[in-house]
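*Asks:* I would like the atomic coordinates for the input below:
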Amino acid sequence: MKKKFLIQFAGLLLFSATAFSQQYNQENIDSLIQSKVQTQVARNSKFLISGYTNMTARFSKEQSSFSNIGFVPILLWKPHQNILVEAEVETGLKGSETSIELGYADVSFFLNKYLTVRTGKFISPFGIFQDRLHP
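*Replies:* Reported below is the predicted structural model:
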């Protein structure tokens, strides 16, 4: 009887230790994967959506109207430490017509601390700082 109890106790102890170690290993593996994925995403890709909206409203005693509704998202994406991609898509609704236009889209390459090369469609001429002209 005593021998049977010891065998059952040893089996239960071995089973619980195995189950605990498997759970611990799985949690450890999950945390390692999560930390690696988070650092890869946070380090390699940064994305921001910004922008503005516009609308014309007219109110009079006889009539109220809303027209020229627009939504202009500005998309910024930094896939690498030395690369910045930015684009602006202008969408508008005038009467029953919808318009979608590319305001600007460019890629900036930061070659070093003092030199940046940009290519793409610009809204400002060369030599004028863009932030003074547009949000």
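
*Asks:* For Ser31, see how far away the closest residue to Pro73 other than its chain neighbours is.
*Replies:* Nearest residue to Pro73, sequence neighbours excluded (CB to CB, 6 or more residues apart in numbering): Gly51, at 4.0 Å. (Each C-beta comes from the backbone N, C-alpha and C, glycine too.) From Gly51 across to Ser31, the span is 37 Å (CB to CB, to the nearest Å).

*Asks:* These two: who's more crowded?
*Replies:* A count of neighbours by other CB atoms under 10 Å puts Gly51 above the other of Gly51 and Ser31, at 14 against 10.

*Asks:* tell me what the strand or helix carrying Ser67 is packed against?
*Replies:* Secondary structure assigned from DSSP states H and E places Ser67 in strand 64-80. In terms of contacts (3 or more CB pairs under 8 Å, 6 or more residues apart in numbering; DSSP states H and E), strand 64-80 is packed against strand 46-59, strand 83-94.

*Asks:* show me where pLDDT drops low in the protein?
*Replies:* 1-6, 8-26, 28-29, 32-45, 124-135 (pLDDT under 70).

*Asks:* one more time with 90, if that's ok
*Replies:* Low-confidence segments of the chain (pLDDT under 90): 1-50, 54-69, 79-81, 93-98, 103-104, 113, 118, 121-135.
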